[in-house]
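**Q** no letters, just coordinates:
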Ligand SMILES: COC(=O)[C@H](Cc1ccco1)c1ccncc1
């Protein structure tokens with residue numbers, strides 16, 4: 001009902017705010033847009049589900065996420081994919097892996113500090129009711 005749509009609207013505002021703050025962080029520039037398949041032709045052979053911050057934002061606007069957990073699953077793909085595709089010891093790989101780990105830690109810290117557990121529980125109740 002209407003109250004549920006109010007809750008989901010507030011969730012989208014919260015998720016958009018997180019995603020936009022991450023997109024402004026210079027450390028996460030490589031995560032802001034999909035990996036360029038022309039530039040990296042084997043990317044889709046290695047990475048089954050590409051993800052990036054602009055795609056997260058599109059998903060939010062398309063009402064794809066009803067719980068923070070669903071958003072986290074896609075947000076986690078961004079750094080997991082980077083660790084998987086860039087495993088080597090050369091400086092480029094080490095640099096993107098360091099940024100991937102910073103992205104992981106930053107998302108978790110924001111959610112730990114800014115998500116009210118009662119609000120998350122209401123979102124999970126809505127998910128279970130649908
Ligand atoms: C999330 O971004 C990536 O996984 C690409 C992979 C990539 C390899 C060559 C071109 O792009 C990346 C970008 C910048 N620095 C390292 C790796």
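**A** All right, it came through fine. Values in this document were obtained by computation on a predicted structure and should not be read as measured data.

**Q** okay, CA-based contacts and neighbour counts for the rest of this
**A** Fine.

**Q** this protein: helices as residue ranges?
**A** Using DSSP state H, the helices of the chain run over residues 2-24, 43-46, 53-61, 68-85, 91-114, 117-129.

**Q** the inter-axis angle of the last one versus helix 2-24?
**A** Angle, helix 117-129 to helix 2-24, by axes from the mean of the first three to the mean of the last three C-alpha atoms, to 10 degrees: 120 degrees.

**Q** what's helix 117-129 packed up against?
**A** Judged by 3 or more C-alpha pairs under 8 Å, 6 or more residues apart in numbering; DSSP states H and E, helix 117-129 is in contact with helix 2-24.

**Q** so for the helix it packs on, mean pLDDT?
**A** For helix 2-24, the mean pLDDT works out to 98.

**Q** give me every residue in this protein lying close to the ligand.
**A** Contact residues, the chain versus the ligand (C-alpha under 6 Å from any ligand atom): 30-31, 35, 40, 82, 85, 92-93, 96.

**Q** kindly reformat the residues you listed as TSV and extend each row with distance to residue 128, neighbour count and pLDDT.
**A** TSV is the format used below for those (distance: C-alpha to C-alpha, whole Å; neighbours: other C-alpha atoms under 10 Å; pLDDT from 0 to 100):
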residue	distance to residue 128	neighbour count	pLDDT
30	35	16	98
31	31	22	99
35	34	17	98
40	40	9	98
82	32	23	99
85	35	16	98
92	43	11	98
93	40	15	98
96	37	21	98
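
**Q** for the ligand, give me its nearest residue in the protein.
**A** residue 82 (4.6 Å; C-alpha to the nearest ligand atom).

**Q** ok, that residue touching residue 96?
**A** Yes - checked against C-alpha atoms under 8 Å, the pair residue 82 and residue 96 is within contact range at 6.9 Å.

**Q** any idea which residue sits dead centre in the chain?
**A** Residue closest to the average C-alpha location in the chain (C-alpha atoms, centre = their mean): residue 75, at 2.0 Å.
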